[in-house]
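Trainee: give me a 3D structure for the following:
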Amino acid sequence: MRKLAAVLCFAVSAAGAQIALADEQQAAGDGSKGELSKTIEFQATVAAIDPKTRMVTLKTPDDKESTFYVDERVRNLPQVKVGDEVRIAYVVALAWKLNKSKKAVPSPEVETAVTRTEPGAKPAGGVARRISFTASVESIDLANGTVTLKGPEGNSRAFKARNPDNLKKVKVGDLVDITYTESVAVKLEPAPK
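Mentor: Numbering: from 1, shown residues only. Next up, the predicted model:
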C-alpha cells in the first residue's frame, strides 16, 4: 500500500507540473474535462555494457552519461554492443474529468503493460503505466487561482488553474477523476559504420 501511495503521490505531483507547464491542451469548452500530453524523444549511444551485472551506460549527443540496470525481462541483451545507438521515446499524458460521483471511498487503479522483442531479435520494447484515481476538491482559492485536491490516500496538493474561471464551476466536495499515463519505448539500432 505504501508503494501505491508513493506512486499516486508522484502521479498527482507530476500531474500538477503538467497542468501548470504543458503547452498542449485539449479540453471541453466548459473546462470540466481535458487532457495534456508531452512526448520526449532522444537518441543515445551505448558507451559501456557489463552483461554479467546487466549495467548499461548510455551517452547522449551532449556527452552526458547515465548508467542503469537493465532488468532480466529485457531479452537479447548480449546482442547490444558498445557504439550501438538507442532511440528512446518517453510519453507523459494526463486526463481529468469533473465527476459528480457518488463513490464513498475512491480506490486507485494501476495498470501496467510491457512489450518486448522475440528471442533472437534486436533488443527493443516498451512499458506503460496508467494510474487512475478520484480526488476530491478540498479547497478553492479564487483570488490566487488555485484548487487543493485530496487523493484517495489522504494526500493533498494545491494546483494552479490554467483558466481560473473554471474554479467557479466546482465546489468543495466535488470529485475529479484523474488518469495519469507514462510510457517508455526503447529501440536498439546497429552502430553507425
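Trainee: isn't residue 145 up against residue 162?
Mentor: No: using Cβ atoms under 8 Å, residue 145 is not in contact with residue 162; the gap is 9.0 Å. Quick note: C-beta positions are derived from backbone N, CA and C, even for glycine.
Trainee: list residues touching both of these two?
Mentor: With contacts taken as Cβ atoms under 8 Å, 6 or more residues apart in numbering, residue 145 and residue 162 have no neighbour in common.
Trainee: list the buried residues of stretch 147-158.
Mentor: Across stretch 147-158, burial judged by 16 or more other Cβ atoms under 10 Å covers 147, 148, 149, 150, 151, 152, 153, 157.
Trainee: closest to residue 64 among those?
Mentor: Set against residue 64, the nearest of those by Cβ to Cβ is residue 157 (30.7 Å).
Trainee: of the buried residues of stretch 147-158, which is the nearest to residue 78?
Mentor: When the buried residues of stretch 147-158 are ranked by distance to residue 78 (Cβ to Cβ), residue 153 comes first, at 42.0 Å.
Trainee: and that closest one, which of the three is it?
Mentor: coil (DSSP: H, G, I helix; E, B strand; the rest coil).
Trainee: which residues in the chain form strands?
Mentor: 26-27, 33-50, 55-59, 65-69, 85-99, 109-116, 124-141, 146-150, 156-160, 175-189 (DSSP state E).
Trainee: mind putting these in TSV, distance to residue 75 and mean pLDDT included?
Mentor: Converted to TSV, the strands of the chain look like this (distance: least, Cβ to Cβ, whole Å; pLDDT from 0 to 100):
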stretch	distance to residue 75	mean pLDDT
strand 26-27	37	42
strand 33-50	15	85
strand 55-59	14	91
strand 65-69	15	87
strand 85-99	15	76
strand 109-116	6	85
strand 124-141	8	86
strand 146-150	41	88
strand 156-160	39	85
strand 175-189	11	79
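Trainee: could I get the ones you listed as a markdown table with distance to residue 76?
Mentor: Shown next, in a markdown table, are the strands of the chain (distance: least, Cβ to Cβ, whole Å):
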| stretch | distance to residue 76 |
| --- | --- |
| strand 26-27 | 38 |
| strand 33-50 | 13 |
| strand 55-59 | 13 |
| strand 65-69 | 16 |
| strand 85-99 | 13 |
| strand 109-116 | 9 |
| strand 124-141 | 9 |
| strand 146-150 | 43 |
| strand 156-160 | 41 |
| strand 175-189 | 9 |
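Trainee: to residue 169, which of the ones you listed lies closest?
Mentor: strand 85-99 (7.4 Å).
Trainee: could you dump that closest one to CSV, C-alpha only?
Mentor: Output in CSV follows, covering the C-alpha atoms of strand 85-99 (Å, rounded to 0.1, in the frame of the first residue of the first chain):
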residue,chain,number,x,y,z
GLU,A,85,22.5,3.6,-31.0
VAL,A,86,19.4,3.6,-28.8
ARG,A,87,16.3,5.6,-29.6
ILE,A,88,14.1,6.4,-26.6
ALA,A,89,10.6,7.9,-26.6
TYR,A,90,9.0,8.9,-23.3
VAL,A,91,5.4,10.0,-23.2
VAL,A,92,3.5,11.5,-20.3
ALA,A,93,-0.2,12.1,-20.5
LEU,A,94,-2.7,13.4,-18.0
ALA,A,95,-6.5,13.4,-18.3
TRP,A,96,-9.1,14.8,-15.9
LYS,A,97,-12.8,15.0,-15.7
LEU,A,98,-15.1,16.7,-13.1
ASN,A,99,-17.4,14.0,-11.8
